[in-house]
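>>> Have a look at this fold, sequence not included:
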């Protein structure tokens, strides 16, 4: 059984235990059934206005967030509980300091290139203007990207312009060019997406940004490759900006030691749903 099949089967097992009834594709009847608690007003507004169409059903399927394997549902279940609460425990579990002041989902940071900027799953903000962007992955990274895939549109490489370098990211510029020329390949880590996020963040708040990559880990050969690619990406961008990474299993494990009994229902939910296959 593949790692991706194992992950989805675990979510089906959780749904059965929780008396949820998914369709054959793993979608629940509504996204509310896929969440620990109803979306906070800020999260509801962010996802309603966002370009990801996470809450809208289509003729072909329920809302994207209704899928048991939904990455957005994972991020909401992990973080939306903390909306309006002090974020010291979250900062401790993520291994960052100081604690941010607030966060928002579906954050966009335009690059000035036109079109729709990619959505960052989360953006933490600090009183001094610092921003920590968070990219979250559930099962997506388990599907390897095809070789020689076009990772960037031509607009990212205008003639005689170096977009990343212009906003203080020279290492990211070299890496983006290397990926575009197929000299450097990432099969499981979406390095091009992370580079686009870096460009947007640095355009919005030059010198005051950092990036966090949080992912659901799985046992298997894909995990070893994924880990190696994360390490390579971090080394290649070097001192351009602070880059953090951690698995959700590690995050929830750290959180368990940082919060009190008043948070037990939330912690039990995320543990039972997402940590039974911890690695």
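Done, it's in. These numbers come from a predicted model, not from an experiment. Numbers count the residues shown, from 1 in each chain.
>>> ok, residue 100 - contacts?
Contact partners of residue 100, counting by C-beta atoms under 8 Å, 6 or more residues apart in numbering, are 87, 90-91, 124-126, 132. For the C-beta atoms, the positions are set from N, CA and C on the backbone; glycine is no exception.
>>> Can you convert the residues you listed into TSV and add a column each for secondary structure and neighbour count?
Formatted as TSV, the contacts of residue 100 follow (DSSP: H, G, I helix; E, B strand; the rest coil; neighbours: other C-beta atoms under 10 Å):
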residue	secondary structure	neighbour count
87	coil	20
90	helix	23
91	helix	17
124	strand	24
125	strand	16
126	coil	14
132	strand	23
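>>> export the residues you listed to JSON lines and tack on pLDDT?
Formatted as JSON lines, these follow (pLDDT from 0 to 100):
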{"residue": "87", "pLDDT": "96"}
{"residue": "90", "pLDDT": "96"}
{"residue": "91", "pLDDT": "96"}
{"residue": "124", "pLDDT": "97"}
{"residue": "125", "pLDDT": "96"}
{"residue": "126", "pLDDT": "95"}
{"residue": "132", "pLDDT": "97"}
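>>> Let's have the residues you listed in TSV, adding distance to residue 173.
TSV is the format used below for these (distance: C-beta to C-beta, whole Å):
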residue	distance to residue 173
87	33
90	32
91	31
124	25
125	26
126	26
132	22
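>>> what's the closest of those residues to residue 111?
Nearest to residue 111, judged by C-beta to C-beta, of the contacts of residue 100 is residue 132 at 18.4 Å.
>>> I'd say the closest one and residue 107 touch.
No. Contact criterion C-beta atoms under 8 Å: residue 132 and residue 107 do not qualify, at 10.4 Å.
>>> anything in contact with each of these two?
residue 123.
>>> follow-up on the earlier one: just name the closest of the contacts of residue 100 to residue 222, please.
Closest to residue 222, out of all of these and judged by C-beta to C-beta, is residue 132, at 26.9 Å.
>>> so who does that closest one touch?
96, 100, 123-124, 126, 209-212.
>>> Kindly provide the distance from it to residue 211.
7 Å (C-beta to C-beta, to the nearest Å).
>>> Tell me how far the closest residue to residue 138 other than its chain neighbours lies from residue 100.
The shortest distance from residue 138 to any non-neighbouring residue, by C-beta to C-beta, 6 or more residues apart in numbering, is to residue 71 (4.0 Å). Per C-beta to C-beta, residue 71 is found 21 Å from residue 100.
>>> Surely the residue nearest to residue 138 touches residue 119?
No. If you go by C-beta under 8 Å, residue 71 and residue 119 don't touch, sitting 11.0 Å apart.
>>> Just the element for residue 136, please.
strand 131-137 (DSSP states H and E).
>>> right, and the helix or strand after that strand?
helix 163-166.
>>> Number of residues surrounding residue 40?
Neighbourhood size, residue 40 [other C-beta atoms under 10 Å]: 17.
>>> need the contact list for it.
When contacts are taken as C-beta under 8 Å, 6+ apart, residue 40 is in contact with 80, 83-84.
>>> can we see that at 6 Å?
Residue 40 makes contacts with 80, 83, as judged by C-beta atoms under 6 Å, 6 or more residues apart in numbering.
>>> can you give me how far stretch 222-242 is from the chain middle?
In this view, stretch 222-242 has its centroid 15 Å away from the chain centroid, taken as C-alpha atoms, centre = their mean, to the nearest Å.
>>> quick one: average confidence on stretch 166-184?
The average pLDDT for stretch 166-184 rounds to 96.
>>> how about it: buried residues?
By 16 or more other C-beta atoms under 10 Å, the buried positions in stretch 166-184 come out as 167, 169-177, 179-180, 184.
>>> same question, stretch 5-14
7-8, 10-11, 14.
>>> same check, this time on stretch 262-279
For stretch 262-279, by 16+ other C-beta under 10 Å, it's 263, 266-267, 269-271, 273-275.
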